[in-house]
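> everything below, folded, please.
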Amino acid sequence: MAVIREGLPGGFDGFSWLLSGYTTIYFTRIVFGLTVLRVKKSARLHDRRRAAKKGGINA
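Numbering: from 1, shown residues only. Now for the predicted structure:
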C-alpha cells in the first residue's frame with residue numbers, strides 16, 4: 001500500500017501503475033479465493049447436515 005501512496009503525488013509513471021495494478025489484482029484474488037473457500041466449506045457442512053437428517057449414506 002505504501003508504494004501506491006508514494007506514486008500518487010508525483011503522478012504515475014509506468015512502473016508504479018504496473019505495480020499498483022498488480023498488487024490490487026493480487027489482493028483481490030487472495031480475498032476472492034478465501035471467500036470462495038469459506039463458502040464451499042460452509043456449503044459442505046450444510047450438505048452433510050441435510051444428509052444426516054435424511055439418514056443418507058454420507059451422513
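> mind showing which ranges of the chain have poor pLDDT?
Applying pLDDT under 70 to the chain flags residues 1-13, 55-59.
> what segments of it are helices?
2-7, 14-54 (DSSP state H).
> make CSV out of those and add mean neighbour count.
Every residue, glycine included, has its C-beta placed from N, CA and C. Below are the helices of the chain laid out as CSV (neighbours: other Cβ atoms under 10 Å):
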stretch, mean neighbour count
helix 2-7, 11
helix 14-54, 11
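> ok, residue 14 to residue 43 distance?
Plainly put, residue 14 is 43 Å away from residue 43 if you go by Cβ to Cβ, to the nearest Å.
> cool, residue 33 as well?
16 Å.
> next: residue 17.
On the measure of Cβ to Cβ, residue 17 and residue 43 end up 38 Å apart.
> cool, residue 16 as well?
40 Å.
> same question, residue 27
Remark: distance between residue 27 and residue 43 (Cβ to Cβ) = 25 Å.
> repeat for residue 24
Residue 24 is 28 Å from residue 43, by Cβ to Cβ.
> now residue 21
32 Å.
> ok, residue 26 next?
From residue 26 across to residue 43, the span is 26 Å (Cβ to Cβ).
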